[in-house]
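>>> give the three-dimensional model of this entry:
(chains A and B)
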Amino acid sequence: MSSLLKNSIRFVLFILIQVYILNQVPPLHRFVVPYLYFLYILWLPFKMGKLSLLIIACLFGLTLDLFTGTLGLHAAACVMIAYIRPFILSLLLSQETTEQSYTEPSINSMGWAPYSLYATLLTFFHHFYLVLLEWLQFGDFIYFIGKVGATSGISLLLIFLTEMLFNRKAKYRTNK
Amino acid sequence: MKNIFLFIQQYINLISFLILQLLCIVLLSSTSKTHETYFANASNGITGYFNGYYSNFRSYFALKETNRKLAAENTRLRNALSTNFTSPNTAILVKTDTTLKDSVGRYRKFSYLPAEVIGNSYALQNNYLMLERGSDQGIKKGMAVIGPSGIVGVVVETSNNISKVMSLLHRNSKVSAMLKKDNTAGSIEWDGADPSLLILRNISKSTKVLKGDTVLTSTYSANFPSHLMVGTVAAIIVDPATNYYTLKIKTATNFFTLQQVDVISNSRYQEQVQLENSNTNQ
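From the prediction side, this is the model:
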């Protein structure tokens, strides 16, 4: 399966799951919504250019926003993590080995610890920016950070469940 | 131009990130009223802040013009002040002053013309007062001037609307005065020393003078009516060389606070002075 086709299918699946399953779950706490959709951006291939990464993230976010009716809210958060993703990856990985031999970030390609850090950081930034943009203020800062933390926790739980359930095989890059 | 392209090429990711963020925020503002208000407020706050500074800065260049306008306005307002429109006092008309008979059929000798003090000095050797009432309002040279509590001086010069009064505090001032208790007459002068003390000369040593005795204007004066308050005896100086006392008189008038005075017109003044000054050949 080509990378383009696979990611296109994922695009549709993540949107559908987020909109029709996770967004329908009654909120766990007053404001805690389980978010998983941005895992799509985490799973995009290493080789993708920074600019195309930003544009795809924006389109992905906008697609979700069309369903939720908050045009630009999730897109802004997606563009945000798409922008910082390459920096975090370059910090966590030794470029020669991983990026050249694997196609996309996963537990198998990166190892448990770096992948967990990668996912945690991006999740946290995503939620922080999302909540900030949604509330437009820090308000009670304890409450704000509590909401960001709780949402991040739920999201991380979902991410690792997904990783367990759909154990992506670490694909070596080929010349094909 | 090349550098601009190089710059854009170098920061393409950052620039596109910022553009996409901006796009998202614009979209968000267009769909959500809350966000629209918030971002509009924020941008208005920022532009308002800079506009405030800019106009503050610009105002320096307009200071000259502002000053000119303010000065012009001040002049205009000062010209409109009500105090600019005072007219000389004409409370007693000259015509009634000159009638020789008053309402009860007696002959009127003195009439009083109120006037406002517009200039006053008391710290010099020769002091004058200026009154806002002149020859057009019936003031003539030689008229006596009295204040609310005592005599003040004599008119020495008049113009149409202003008159100049030689105050008692003048080295050439000379007013006939007498002691109230026995009508001993003397003359009031000033030695130029203390504005609250006058000198009364020519009181014979035969009179019994005490401190506190009242001094009035005498009946011999051509311009002052008799029995007007002059002051009280403050000190008695015995000069062994002469037969007269020199009395220090505390003035009844407070020369420091004069505001309103009365000018006394004597309808027979000319007559009297003429006779006094005429040469008798006999």
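
>>> list of residues touching stretch A:41-55?
Stretch A:41-55 is contacted from outside by A:3, A:7, A:10, A:56-57, A:60, A:78-79, A:81-83, A:85-86, A:89, A:98-99, A:102-106, A:118-119, A:122, A:159, B:12-13, B:16-17, B:20, using CB atoms under 8 Å, 6 or more residues apart in numbering or on different chains. In short, each C-beta sits where N, CA and C put it, glycine included.

>>> do the same with stretch A:63-74
Everything outside stretch A:63-74 that qualifies as a contact, by CB under 8 Å, 6+ apart, is A:11, A:15, A:18-19, A:23, A:37, A:61-62, A:75, A:130, A:133-134, B:23-32.

>>> what about that stretch, start to end distance?
Using CA to CA, to the nearest Å, one end of stretch A:63-74 lies 9 Å from the other.

>>> so of the contacts of stretch A:63-74, which ones are in strands?
Among the contacts of stretch A:63-74, no member is found in strands (DSSP state E).

>>> for the stretch 101-250 of chain B, which residue gets nearest to chain A?
Here the residue of the stretch 101-250 of chain B nearest chain A is residue B:118; by CB to the nearest CB that distance is 69.8 Å.

>>> which helix or strand contains that residue?
Using DSSP states H and E, residue B:118 sits in strand B:110-120.

>>> buried residues, that strand. List them.
Under the neighbour-count criterion of 16 or more other CB atoms under 10 Å in any protein chain shown, strand B:110-120 has B:110, B:111, B:112, B:113, B:115, B:117, B:120 buried.

>>> ditto for stretch B:175-192
Across stretch B:175-192, burial judged by 16+ other CB under 10 Å covers B:175, B:176, B:177, B:178, B:179, B:184, B:185, B:186, B:187, B:188, B:189, B:190.

>>> how about the strands in chain A?
Read by DSSP E, chain A holds no strands at all.

>>> quick one: low-confidence residue ranges for the stretch 151-282 of chain B.
Within the stretch 151-282 of chain B, the segments meeting pLDDT under 70 span B:281-282.

>>> residue boundaries of the strands in it?
Counting by DSSP state E, counting those that start in this stretch, one finds strands in the stretch 151-282 of chain B at the ranges B:151-158, B:163-170, B:175-179, B:185-189, B:197-204, B:214-217, B:229-238, B:244-251, B:260-266.

>>> make TSV out of those and add distance to residue B:6.
Compiled in TSV, the strands of the stretch 151-282 of chain B are given as follows (distance: least, CB to CB, whole Å):
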stretch	distance to residue B:6
strand B:151-158	94
strand B:163-170	91
strand B:175-179	104
strand B:185-189	104
strand B:197-204	99
strand B:214-217	107
strand B:229-238	102
strand B:244-251	98
strand B:260-266	91
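
>>> who does the strand holding residue B:118 pair up with?
strand B:126-131 (antiparallel), strand B:260-266 (antiparallel) (DSSP bridges).

>>> need those in a markdown table with distance to residue B:42, can you?
What follows is those, written out as a markdown table (distance: least, CB to CB, whole Å):
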| stretch | distance to residue B:42 |
| --- | --- |
| strand B:126-131 | 69 |
| strand B:260-266 | 68 |
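
>>> can you list those strands in JSON lines and add mean neighbour count?
Shown next, in JSON lines, are those (neighbours: other CB atoms under 10 Å in any protein chain shown):
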{"stretch": "strand B:126-131", "mean neighbour count": "21"}
{"stretch": "strand B:260-266", "mean neighbour count": "21"}
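
>>> ok, which of those comes nearest residue B:138?
strand B:260-266 (6.6 Å; CB to CB).

>>> that closest one vs strand B:151-158, what angle?
Put simply, strand B:260-266 runs at 70 degrees to strand B:151-158, going by axes from the mean of the first three to the mean of the last three CA atoms, to 10 degrees.

>>> starting at the chain centroid, how far to strand B:260-266?
Centre-to-centre, strand B:260-266 and its host chain are 19 Å apart (CA atoms, centre = their mean, to the nearest Å).

>>> which other residues reach that strand?
Residues outside strand B:260-266 that contact it (CB under 8 Å, 6+ apart): B:97, B:109-117, B:129, B:131, B:133, B:138-140, B:143-148, B:152, B:155, B:163, B:165, B:222-225, B:272.

>>> now residue B:147, nearest residue through space, not along the chain?
Residue nearest to residue B:147 in three dimensions, not counting chain neighbours: residue B:253, with 4.5 Å by CB to CB, 6 or more residues apart in numbering or on different chains.

>>> just the CA trace of stretch B:114-134, in PDB.
Output of stretch B:114-134 as PDB, limited to C-alpha atoms (Å, rounded to 0.1, in the frame of the first residue of the first chain):
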ATOM      1  CA  PRO B 114     -18.900 109.000  46.700                       C
ATOM      2  CA  ALA B 115     -15.800 107.800  44.900                       C
ATOM      3  CA  GLU B 116     -13.800 104.600  44.600                       C
ATOM      4  CA  VAL B 117     -10.200 104.400  45.400                       C
ATOM      5  CA  ILE B 118      -8.200 103.000  42.500                       C
ATOM      6  CA  GLY B 119      -4.700 103.900  43.600                       C
ATOM      7  CA  ASN B 120      -3.100 104.300  47.000                       C
ATOM      8  CA  SER B 121       0.300 104.800  48.300                       C
ATOM      9  CA  TYR B 122       1.400 105.100  52.000                       C
ATOM     10  CA  ALA B 123       5.100 104.000  52.000                       C
ATOM     11  CA  LEU B 124       6.600 107.100  50.400                       C
ATOM     12  CA  GLN B 125       7.400 110.600  51.800                       C
ATOM     13  CA  ASN B 126       4.700 112.100  49.600                       C
ATOM     14  CA  ASN B 127       1.700 109.900  49.200                       C
ATOM     15  CA  TYR B 128      -1.200 110.300  46.900                       C
ATOM     16  CA  LEU B 129      -4.500 108.500  46.300                       C
ATOM     17  CA  MET B 130      -6.200 108.100  43.000                       C
ATOM     18  CA  LEU B 131     -10.000 108.200  42.800                       C
ATOM     19  CA  GLU B 132     -12.200 107.000  40.000                       C
ATOM     20  CA  ARG B 133     -14.200 110.200  39.700                       C
ATOM     21  CA  GLY B 134     -13.100 113.300  38.000                       C
END
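
>>> residues contacting the residue most central in space within chain B?
Chain B has residue B:118 as the residue nearest its centroid, 5.4 Å off, counting by CA atoms, centre = their mean. Contact partners of residue B:118, counting by CB under 8 Å, 6+ apart, are B:130, B:131, B:132, B:162.

>>> neighbours of residue 148, how many?
Picking chain A for this. Residue neighbour count, defined by other CB atoms under 10 Å in any protein chain shown, stands at 20 for residue A:148.

>>> let's do chain B instead
Residue B:148: 13 neighbours (other CB under 10 Å).

>>> try residue A:45
Neighbours of residue A:45 (other CB under 10 Å): 17.

>>> now it: closest residue in space, sequence neighbours ignored.
Sequence neighbours aside, residue A:104 is the residue nearest to residue A:45 in space, at 4.7 Å (criterion: CB to CB, 6+ apart).
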